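1. Sharing a model that was predicted from the sequence below.
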Amino acid sequence: MEAGSVLEGEVLPGYGYTGRVYAREFLNRGGDLVLENPRVVLINEDVTDMRKLARVLEWNQKSSGPLVLVCGGAGGQALASLAAHIGQGGAIYMVSAPEFGELRHEMMADLGAICGCVVYNHMRGVELKDFGRLNVRGSDGSESAFGRCDRIEVKGGRVFVFGSAPAEYVSGVTDPRRLALLSGGVGVIRVGGATEMEVTADRELVDDAVRAVYSAMDGGVVPGAGRMLSWCAGRVEGGIGVA
């Protein structure tokens, strides 16, 4: 949800999942994280030791702009050090990876396709110590150790990565959920109005509606208006007693 002159919406190419930043110091805009054209490193494992990021930090000095580490977990010296230096140049942000287990491996691969970069995971034989040696060649022929996307936002308990995966990659995905995430895009709702009071009221209504949809997506839905209670009562032997 964004500010606008009227209430309107559009769908942008992107990928969204349930996630968060690992420290509140990483939030930069009204309690959210919003970064334009960030560089990205995908790490499908926990990051707690700064020594693990030595190669990434070395390459980061050669580049400019924000860097986002999407990782399976964060803590210890690494998280404390990066959070403490967030207000300085060359800021590095830490954002959670999607889901768990095998689904995480697959969704991280999806993010790698969108950002055009390698997914680092020592259990799959791709070590962070090799960062900079596993460059990805872009469509323009250039090579980069970092991935790129149009924008990254973390808000309302969701992570949004704006960008598109190559059509040939999407065509090879058979899982319905991943395919929907890759091809469906991210809906952006802009809320505006004639007065600040009107905008505030509309934003609260839209926010409630969006959170209800997220809840339904994560937990499912059941028929309302007493139909579910009636369905259950008809299947409990002897009916349902009321105390």
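-> Arrived safely.

2. And the residue nearest the centre of this protein?
-> Residue closest to the average C-alpha location in the chain (Cα atoms, centre = their mean): residue 159, at 2.6 Å.

3. just checking, what packs against the helix or strand harbouring it?
-> According to DSSP states H and E, residue 159 maps onto strand 158-162. Packed against strand 158-162 by the contact rule (3 or more Cβ pairs under 8 Å, 6 or more residues apart in numbering; DSSP states H and E) you find strand 14-18, helix 101-115, strand 151-155. The way it works is simple: take the backbone N, C-alpha and C, and place the C-beta from them, glycine included.

4. List the neighbouring strands of it plus their orientation.
-> Strand pairing for strand 158-162, determined by DSSP bridges: strand 14-18 (antiparallel), strand 151-155 (antiparallel).

5. list the buried ones in the first one?
-> Okay, so that is strand 14-18. The neighbour-count criterion (16 or more other Cβ atoms under 10 Å) identifies 14, 15, 16, 17 as the buried residues of strand 14-18.

6. Could you pull up the contacting residues of the nearest residue to the third one once chain neighbours are set aside?
-> In other words, residue 16. Setting aside the residues directly before and after it, residue 16 is nearest to residue 160 in space (Cβ to Cβ, 6 or more residues apart in numbering), at 4.7 Å. For residue 160, the contact set (Cβ atoms under 8 Å, 6 or more residues apart in numbering) comprises 14, 15, 16, 151, 152, 153, 154, 186.

7. how about a cut-off of 7 Å?
-> Counting by Cβ atoms under 7 Å, 6 or more residues apart in numbering, residue 160 makes contact with 14, 16, 152, 153, 186.

8. Show me what the helix or strand hosting residue 44 is packed against.
-> When elements are assigned from DSSP H and E, residue 44 belongs to strand 39-47. Contact here means 3 or more Cβ pairs under 7 Å, 6 or more residues apart in numbering; DSSP states H and E; on that basis strand 39-47 packs against strand 67-74, helix 101-115, strand 119-120, strand 147-148.

9. List the neighbours of the third one that are in contact with it.
-> The set of residues external to strand 119-120 that reach it, using Cβ under 7 Å, 6+ apart, is 42, 43, 44, 108, 109, 112, 126, 127, 128.

10. And the average pLDDT for it is what?
-> Strand 119-120 carries an average pLDDT of 92.

11. same question, the longest one
-> Per-residue pLDDT values over helix 101-115 give a mean of 94.

12. and it, how far from the chain's centre?
-> 11 Å (Cα atoms, centre = their mean, to the nearest Å).
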